[in-house]
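> A predicted structure for the sequence below; I have some questions about it.
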Amino acid sequence: MTRFIFLGPPGAGKGTQAEILADYSHIPHISTGDILRAALQGQTPLGMKAQFYMDKGELVPDDLVQDMVRERLSQDDTKYGWILDGFPRTVLQAAFLSLLLDELDQLQVKVINLDAPDNVVMSRLLERGRKDDAEDVIRRRLEIYRSDTAPLIDYYQQRKLLVVINGNQTPEEVTAELKSAVSS
């Protein structure tokens with residue numbers, strides 16, 4: 001069974017590396033953004049609830065995101081593994097996920113922390129040239145990421161589930177280190 005939770009700051013390459021590893025391992029890459037978009041597009045009951053909050057410009061509440069993750073991890077294509085990207089983001093969400101995986105009998109999990117220094121992710125995000133990738137916005141996102149994720153990294157480290165990958169390398173070097181870490 002191949003189950004991975006991907007952590008890392010914006011711009012560290014999580015999405016790219018998760019896609020590569022998912023293809024390599026023949027498992028689905030599941031991001032909370034994808035779950036949300038699929039629920040909205042499919043007009044599922046959870047998707048319609050999420051739409052209510054989004055239409056008001058509010059964040060989708062944790063319990064609703066957790067229900068969506070529960071629904072997605074219960075689908076047939078996740079039976080032999082998955083990569084979860086973008087969830088959990090807090091220790092409370094990690095505790096929920098731990099209980100959910102126990103309930104689903106999906107206990108063997110590795111947590112990959114794709115780490116890169118702030119100056120590197122700042123440079124990468126500025127190069128993307130997206131509208132919301134202004135320097136002050138990126139700095140704020142990194143502050144939030146560091147404050148919310150530091151406890152999450154400790155949470156998984158204490159449980160001996162954390163594997164740290166150096167994201168300050170070429171994409172090919174990161175992929176090689178990742179493949180080596182997940183096969184051990």
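Received, thanks. Numbering: from 1, shown residues only.

> Nearest residue to residue 124 in space, please, no chain neighbours.
Taking CB to CB, 6 or more residues apart in numbering as the measure, residue 124 lies nearest to residue 11, with 4.2 Å between them; neighbours along the chain are not counted. From N, CA and C alone the C-beta is placed, and that goes for glycine too.

> So what does the one you found have for phi and psi?
When read as degrees, to the nearest 10, the backbone of residue 11 gives phi 90, psi 0.

> Would you confirm that it contacts residue 117?
No. Using CB atoms under 8 Å, residue 11 and residue 117 do not qualify as a contacting pair, with a distance of 10.6 Å.

> Just list what the helix or strand that contains residue 36 packs against, helices and strands only.
Secondary structure from DSSP states H and E places residue 36 in helix 32-41. Contacts defined by 3 or more CB pairs under 8 Å, 6 or more residues apart in numbering; DSSP states H and E place helix 32-41 against helix 45-55, helix 62-73.

> returning to what we had before: residues in contact with the residue nearest to residue 124?
116, 120-122, 124-125, 128, 138 (CB atoms under 8 Å, 6 or more residues apart in numbering).

> and of those residues, the nearest to residue 83?
When those are ranked by distance to residue 83 (CB to CB), residue 116 comes first, at 18.4 Å.

> That closest one: neighbour count?
A count of neighbours around residue 116, defined by other CB atoms under 10 Å, yields 22.

> Quick check: it touching residue 165?
No. Using CB under 8 Å, residue 116 is not in contact with residue 165; the gap is 9.5 Å.
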